[in-house]
Each structure stands twice: as C-alpha cells, then as structure tokens.
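Asks: How does the following fold in three dimensions:
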Amino acid sequence: MAKVRQTTAGSVLVQVPFVIYSITIVAMVLILVVTPFRSGNDLARGLLVRPSGFGLGNFHDAFASGLGDGVRNSFFLGASTCVITILLGGIAGYGISFMKFRFRKGLASFMNACIYISTMLIALPLFLQYRDLHLVNNLLGALLIFLGLRLPFSVYLFKSYFDEFSRELIEAAKMDGVSDLRIFASIVFPLSRGVVITVLLFNFSAVWTDYLIGLLFLQQDKLMTIMPKIMYIFGSGPMVTHATSLGQGFAGLFVATLPIVVIYLFTKKYYVEGLTLGSLK
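Replies: Down below sits the predicted model:
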C-alpha cells in the first residue's frame, strides 16, 4: 500500500509565506484590472471597496491628458529597438559563432560585460554629453541609448543559440559557395524563431516599461514616453480630485500592461523555448 504523506505543522508553516505572496499578487492584479473602470466618485469611497459601477471615463480622460503621445513614442522606440537589435544582434551572433577573425573571443567577452552596465551609473554623464550634443528631447537620440543598452544582451542570446546550431549545415552551404550573409538570411535566421521571439519580448518590454531614460532625455510633453506620462497623470495632470487622478493613472497602467500581456500570450511557446538557449550542451 502506498504510504500516506503526513502533514506536519512545520510543512504548513513553510507554505504560509508563499500563500500570502500569491494572495498579494492576485489582489494587485484585481486592483489593476478593476480600478481603471471605476469613476472618481466611486474611488473616493476607497480603493478596496466593492465597485458600484464601471465605465470608460478614466481611459478617455487619460488619453485627453496626453497618454496617447506616450503610447506612440514608446511604441516607436520599442519597435525600432526590436527591429535593429534583432538584425544587428543576429548578424553579430552569427559572426562570433561561425566566423573566424582576430579578437573574436575578446569581442564576445566585451559584449557579455556590457550586459552588466547599470543604467543608473551612466545616466548622468550620458545626459551631460547629450546636452552638449543637443540630443536631449530627440527621439532618435533616445533610440541610440536603448540600442546601446539592449544590443549586448541580444548578441549574447543569438550567440548562445547559434553555438548549438548545426555546423554541418553551415559548412555544407559554404562548400556550395554560399556567402555568410546569404547563409544567415536564408538558412540560419528563418530557423531561429525561438531566439528572435525571446529578443523581441525582452527588448520591447525593457523599452516599453522604461522610466529613467524617458524622464531624463525626453522631457517635452509631446515626446514623453508612456511611463513618465503615467506618473505625470498620477501626480500633476489636469485632475479634479485625488480619486480622479488615481483612476486615470490606473487606466494608464492598464494600457501600459496590455501590450506586454498580449505579446506574451501569442509568443509564450517560443519565449519558453528561448529561455532555455544554451542550457543544454
């Protein structure tokens, strides 16, 4: 007969922190989903009080306060960063994995080291340089920063994937006289869907949810990204009461969260595949 697993007081106590943490996460998700649809008068009764009704007024007021500009700017920066880092990261990862040239290992080590550069540490000196170059309040200038921050990690992911790629296939193509660029475009890249999706999700999420770069380098109202714009709505937008700004701020958070959730749901299979890159040799 199978042994009946005994439940002890110690095993129950071990699970208590995890249960509390799970309840907290569920409560925060419910607040994020429900609060944007509550009116200011309803929120004035309390954030945790049972809603008396739902509506879309907070979303209308949030976009009237400029949330649409933040969405447009963040989407431009996020999409541009993804396209460029996937292209350049894929080419660089292919070159480091399959091509032989001087300082190849040094370049790989340098790119890996760049992953650990803290945005907080470089923000101030970078801002001073951008100010002197008149690149503050310039979307292309902000794009260059995001590319510099996200490209090393993209190269690392692509290289990790290409290190496991069939070298026999590459060598056979080269024996047929196919150039490296053609091999990458026609053979390697189409078979790299998992790593491409992973790079896309990581980089878009990082740019879309960024606060520091947008706050420092895009200070004009029309150029603000979505997270600084949401904080503006929470704190000093054209609001009537604190409850009103709370509802509009949560409406902004709902809008900011939705694209990440949608992208993840449609790419979950390939995202999980990409997380295991390089884990098996």
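Asks: Ser160 and Ile233, how far apart?
Replies: 40 Å (C-beta to C-beta, to the nearest Å). In this view, the C-beta of every residue, glycine as well, is placed from N, C-alpha and C.
Asks: Neighbour count: these two, which is higher?
Replies: Ile233 (27 against 17; other C-beta atoms under 10 Å).
Asks: Relative to Leu88, how far out is Lys105?
Replies: 20 Å.
Asks: what's the answer for Tyr161, then?
Replies: Distance from Tyr161 to Leu88, by C-beta to C-beta: 15 Å.
Asks: quick one, which of those two is more surrounded?
Replies: Tyr161 (25 against 15).
Asks: how about that one, secondary structure?
Replies: helix (DSSP: H, G, I helix; E, B strand; the rest coil).
Asks: Report the contact partners of Leu67.
Replies: Listed by C-beta atoms under 8 Å, 6 or more residues apart in numbering, the contact set of Leu67 reads Ile226, Lys229, Ile230, Ile233, Ala251, Gly252, Val255.
Asks: what's the closest of these to Leu30?
Replies: Using C-beta to C-beta, Ala251 is the member of the contacts of Leu67 that lies nearest Leu30, at 15.5 Å.
Asks: ok now the helix or strand hosting that closest one, how far from the chain's centre?
Replies: Counting by DSSP states H and E, the element that carries Ala251 is helix 242-275. Relative to its parent chain, helix 242-275 has a centroid offset of 10 Å by C-alpha atoms, centre = their mean, to the nearest Å.
Asks: and the residue nearest the centre of the chain, how far is that from Val16?
Replies: Centrality entry for the chain: nearest residue to the mean C-alpha point is Ser205, 1.2 Å, by C-alpha atoms, centre = their mean. For Ser205, the distance to Val16 (C-beta to C-beta) stands at 32 Å.
Asks: what about the stretch 101-250 of the chain, any weak spots by pLDDT?
Replies: 236-244 (pLDDT under 70).
Asks: Tell me which stretches of it form strands.
Replies: Assigned by DSSP state E, counting those that start in this stretch, the strands in the stretch 101-250 of the chain number zero.
Asks: just the helices in it please.
Replies: 104-114, 119-132, 139-162, 167-175, 180-183, 193-208, 212-217, 226-236, 242-275 (DSSP state H, counting those that start in this stretch).
Asks: for those, which one sits closest to Leu48?
Replies: Once those are compared by C-beta to C-beta, helix 242-275 is nearest, at 12.5 Å.
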